[in-house]
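1. prediction below, plus the sequence it came from.
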Amino acid sequence: MRHLFIMNPHAGKYDRSQEMLEKVRFTMAGRREEWDAVRTTGPGHAVALVEEAAQKGDPLRVYACGGDGTLNEVVNGAAGQEHVAVTHCPMGSGNDFLRIFGQDAGRFRQLDQLLDTPQTAMDLIECNGRYSLNVCSVGFDARIGFGAADFKKLPLISGSAAYQLSAVRTIIKGIHLPYQVEVDGEVMPGDRFTLLCACNGRFYGGGFNPSPDAMPDDGLLNFIVIPAVSRFTVAALIQKFARGEIGDIPQAILRQGREMKIHCDRVSAVNVDGERVDGQEITLALSDKKVQFFYPAGASWQPEKAGHREAAAVK
């Protein structure tokens, strides 16, 4: 067994890669297995590191030491390779995928809890050639999230303020856009939509809980379709959406299935585990490829055991 620790120095509020490296050295001391720790230098580097390490063909465990974006890149490098397993050592600000483990989520911070542990094959979402382990979304939330980058460049604007300003701008410009949407061949009613989601995990966006019953290993995706709503109802809708009360939103259309197709009248941004994919013809589909995911012994991602409504925040 080889171990590869991929550290993103830009994850979180400050560079913690040296701290993680010291933790790795301490944890791996005395073990005879081969290991390596590498800092990423930019977008796509983690994907390349995993693909290169996997070429040797022997069992490999990869530790994504960063945020959800680092985990997404590691997953994309490991997808479909049964001899490669991945996990997440959280160093980011959201660390949303791990929230499905509830109170066990904090155990992922302890490297000794991740050695010699079980692994399982988890489903993936494929979005126009990129893989997602957690949640993909199109519409209101993606426009706010990616739009926040414009405001973060301004002096004296904090991260939360940037999101608030982006939300105001998005509401002013329009909270719904024209899309044509199909789920497993069923045409969704309407021609304008506020939000579209494909969920493999249960949390995204810093703790939003769009699909409290989604399971990453059940061979199905949970699709959420929210048609056009007014500016007056969007605030209440977002609150319910965030709290895992999607069933209480009368406008929401919920489906379980394998594929959502979205046609946009213009190029639209897709949130793929926090990373951006642009497209006019968008397919969010259950992937035939799986990823092996390892986790602390005894940890569970079952909703009734993990306590998804009270999931521990991994900050």
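-> Right, received. Where do you want to start? Note that this is a predicted model, so its numbers are computed, not measured.
2. in the sheet, which residues pair with residue 85? Tell me.
-> Beta-bridge partners recorded for residue 85 (DSSP bridges): residue 61, residue 292.
3. so what's it up against?
-> 59, 60, 61, 62, 78, 119, 292, 293, 294 (C-beta atoms under 8 Å, 6 or more residues apart in numbering). Backbone N, C-alpha and C define where each C-beta goes, glycine included.
4. in a helix, residue 136, correct?
-> No. Counting by DSSP: H, G, I helix; E, B strand; the rest coil, residue 136 falls outside a helix, being strand.
5. where's it relative to residue 100, distance?
-> 16 Å (C-beta to C-beta, to the nearest Å).
6. and residue 131, by the same measure?
-> Counting by C-beta to C-beta, the gap from residue 131 to residue 100 is 17 Å.
7. likewise residue 265?
-> Counting by C-beta to C-beta - residue 265 and residue 100 are separated by 35 Å.
8. mind checking the SS state of residue 233?
-> Following three-state DSSP, the label given to residue 233 is helix.
9. please read the previous query as pertaining to residue 64.
-> strand.
10. and it, what's its pLDDT?
-> Residue 64 carries a pLDDT score of 98 in this model.
11. list the contacts for residue 86?
-> 50, 61-64, 71, 74-75, 78, 291-294.
12. secondary structure element for residue 150?
-> For residue 150, the host element (DSSP states H and E) is helix 140-152.
13. give the buried residues for that helix.
-> 140, 141, 142, 143, 144, 145, 146, 147, 148, 151 (16 or more other C-beta atoms under 10 Å).
14. ok, the last one - contacts?
-> Contacts for residue 151 (C-beta under 8 Å, 6+ apart) come out as 157, 161, 162, 165, 166.
15. at 10 Å what do you get?
-> By C-beta atoms under 10 Å, 6 or more residues apart in numbering, the contact set of residue 151 is 157, 158, 159, 161, 162, 163, 164, 165, 166, 168, 169.
16. please name the nearest non-neighbouring residue to it.
-> residue 162 (3.9 Å; C-beta to C-beta, 6 or more residues apart in numbering).
17. surely the one you found forms part of a helix?
-> Yes. Under three-state DSSP, residue 162 sits within a helix.
18. next, count neighbours for it.
-> 19 (other C-beta atoms under 10 Å).
19. how far away is it from residue 156?
-> 11 Å.
20. same check, this time on residue 103
-> Taking C-beta to C-beta, one finds residue 103 at 37 Å from residue 156.
21. now residue 294
-> 43 Å.
22. low-scoring stretches of the stretch 201-315 of the chain, by residue?
-> The stretch 201-315 of the chain contains residues with pLDDT under 70 at 304-315.
23. ok so, going back, among residue 265 and residue 100, which residue is more densely surrounded?
-> The neighbour comparison of residue 265 against residue 100 (other C-beta under 10 Å) goes to residue 100, with 24 against 11.
24. got a list of what the more buried one touches?
-> By C-beta under 10 Å, 6+ apart, the contact set of residue 100 is 134, 200-203, 214-216, 299-303, 306, 308, 311.
25. likewise for residue 74?
-> By C-beta under 10 Å, 6+ apart, the neighbours of residue 74 are 4, 6, 8, 40, 46-47, 49-50, 62-66, 84, 86-88, 133, 291.
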